[in-house]
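Undergrad: Prediction below, plus the sequence it came from.
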Amino acid sequence: MTEHTPQVTRASNGRGAAARRPAGEADVIVVGAGPAGSATAFYLAQAGLDVLLLEKSRFPREKVCGDGLTPRGVKALVGMGISVGEQDGWVRNKGLRVIGAGKRLELPWPELSSYPGYGLVRPRTDLDAMLARRAQQAGARLLEGVTVTGPVLDDRTGRITGVTGKPADAEDERTYAGRVVVAADGNSSRLSVAMGLRKRDDRPLGVAVRTYYQSPRHDDDYLESWLDLWDGDRLLPGYGWIFGMGDGTSNVGLGLLNTSAAFGRTDYHAMLRKWLKGMPAEWGFTEANRTQPIRGAALPMGFNRTPHYFNGLLLVGDAGGMVNPFNGEGIAYAMESGEILARTVAQALARARRAETERVLAGYPRALTDAYGGYYALGRVFVKAIGRPGLMRFATKHSMSRPALMRFAIKLLANLTDPRGDAADRLVNGLSRLAPNPE
Ligand SMILES: Cc1cc2nc3c(=O)[nH]c(=O)nc-3n(C[C@H](O)[C@H](O)[C@H](O)COP(=O)(O)OP(=O)(O)OC[C@H]3O[C@@H](n4cnc5c(N)ncnc54)[C@H](O)[C@@H]3O)c2cc1C
């Protein structure tokens, strides 16, 4: 991925702006067309707002990911009107296979009224292009090949009034102006950083690598999660996954959390190779069968960048650190937060007075906290606990021999409950409500 250093450009009310004539104006500027940006633009456009969606790459483009969607992700896709049938190229899965403490448990996705009973797998090259096209179909204006270089600020108030960006096919930078700006530019979120919003050290962060192998396991109908990784008889730090892509390959990867002592001191590529060395030969996870380079990226979890609204800028998806700390899932949360954001902005921009607009926008962080705050707070405790290898080993060993406990665990780890469901649902919901829940 190309690195860009954002520069803050000041366009004062009127005078400075004349020097840099806006090349594009809209009600809302959305920076980044991953799942968060495309969902945001889709719901904003549906609400009748004029949206400019700026994306530095051109679709189809790669995104380092496990390519797995839980039922939560499926629900978010359905919400955007995406056809999720197998005839449309989706690979369905029935649940999660958990491997740990020498045991193997298949846990079907729970039967709920709030979520479908299946998950999906799709390469991000396809998925992200599809979501961006849906946003366009809803009326958003997508500009591909535009790298946003920094915020444009109002001299007097310091509020963001737009962004500067460099189209790949133009000599000069251009200015894009909007009443509000959305940072949907992923984990590094250079736009947020340029506005002074950095990652929080007290919140979880993961790092993960993944690649693809030709494998007979490509049509696996379960997502597979490895709770302990072995190099011979040596326990490696971290957790792994194997997701069948349905196209002759499996997406294989592993990740580590910043609560682990090995975080920042691990050669992830070497660790992946060591782990795979111990796999049955017939699965085919060998160098000869590897079809892609091993690539890695960070997973910003549990609201690890706040505040989610600041001076005209709203943060969504990975930019706002919204990956689920329990299972590393980020696509569903990127799309859901995009919808929450869009609903807030649509109401805010309909208010007659500036102060009223501002009051509604200030409600966005609260809306996110209502949706995820308690659950993410629990997740932060979970991440601390599993950073201790002894505790993790104890928990894996004891829970893997108790299928009923694991059925509860899948609801907790994948955040899949009904509001008024069974005892397990009520326990997960109750714990989330009880957890201390700061914004
Ligand atoms: C190894 C790995 C495995 C994962 N596996 C899974 C999984 O199986 N399931 C799951 O749900 N989640 C998974 N995740 C998490 C998931 O990938 C992210 O949570 C998700 O992509 C977040 O979406 P987003 O739209 O917020 O950000 P992104 O998908 O990162 O999108 C950001 C977009 O902004 C664009 N952009 C960035 N900077 C600029 C700029 N300056 N100007 C213009 N455009 C810009 C980028 O090109 C990109 O298109 C995984 C993550 C990793 C690292």
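TA: It's in.
Undergrad: what does this structure have sitting close to the ligand?
TA: Proximity of the chain to the ligand, by CB under 6 Å from any ligand atom, involves residues 4, 31-37, 54-57, 63-68, 73, 147-148, 184-186, 190, 208, 210, 253, 297, 299, 317-319, 323, 328-332, 334. Using the backbone N, CA and C atoms, a C-beta is placed for each residue, glycine as well.
Undergrad: Inside strands: which ones of those?
TA: Judged by DSSP state E, strands contain the following of those: 31, 54-55, 68, 147-148, 208, 210, 253, 297, 299.
Undergrad: What about those, which one has the most neighbours?
TA: When neighbours are counted by other CB atoms under 10 Å, residue 31 leads those with 30 neighbours.
Undergrad: pLDDT at that one, what is it?
TA: Note on residue 31: pLDDT of 99.
Undergrad: Provide a list of residues in contact with it.
TA: Residue 31 sits next to 37, 54, 148, 163, 181-185, 191 when contact means CB atoms under 8 Å, 6 or more residues apart in numbering.
Undergrad: could you redo the last one with a cut-off of 10 Å?
TA: Residue 31 makes contact with 37, 52-56, 146-148, 151, 163, 165, 176, 181-186, 189-192, 313, 316, 319, according to CB atoms under 10 Å, 6 or more residues apart in numbering.
Undergrad: what's the answer for residue 29, then?
TA: So residue 29 contacts 41, 51-54, 148, 151-152, 160-163, 165, 176-183, 191, 313 (CB under 10 Å, 6+ apart).
Undergrad: Which positions in the top helix by length along the chain come out as buried?
TA: In terms of residue count, the longest helix belonging to the chain (DSSP state H) is helix 331-349. Using 16 or more other CB atoms under 10 Å as the burial criterion, the residues of helix 331-349 that qualify are 331-342, 344-346, 348-349.
Undergrad: Can you name the element that comes right after that helix?
TA: Following helix 331-349 in sequence order, the next helix or strand is helix 354-361 (DSSP states H and E).
Undergrad: so where is the stretch 301-439 of the chain shaky, pLDDT-wise?
TA: 437-439 (pLDDT under 70).
Undergrad: Run through the helices of it in chain order.
TA: Secondary structure of the stretch 301-439 of the chain (DSSP state H, counting those that start in this stretch): helices at 331-349, 354-361, 364-368, 374-386, 389-400, 403-414, 423-434.
Undergrad: which residues sit against the fifth one?
TA: The list of residues contacting helix 389-400 from outside it, by CB under 10 Å, 6+ apart, reads 98-105, 227-228, 235, 237, 239, 260-262, 382, 384-386, 388, 405-406, 408-409.
Undergrad: Please repeat the previous calculation with a cut-off of 6 Å.
TA: 100-101, 103, 227, 385-386, 405-406 (CB atoms under 6 Å, 6 or more residues apart in numbering).
Undergrad: so what's the closest residue to the ligand within the stretch 151-300 of the chain closest to, chain neighbours aside?
TA: Going by CB to the nearest ligand atom, the ligand is nearest to residue 186 of the stretch 151-300 of the chain, at 2.8 Å. Nearest residue to residue 186, sequence neighbours excluded (CB to CB, 6 or more residues apart in numbering): residue 318, at 4.7 Å.
Undergrad: wouldn't that neighbour be in contact with residue 185 here?
TA: No: if you go by CB atoms under 6 Å, residue 318 and residue 185 don't touch, sitting 8.5 Å apart.
Undergrad: Okay, angle between the longest helix of the chain and helix 403-414 too, please.
TA: Taking axes from the mean of the first three to the mean of the last three CA atoms, to 10 degrees, helix 331-349 and helix 403-414 form an angle of 40 degrees between their directions.
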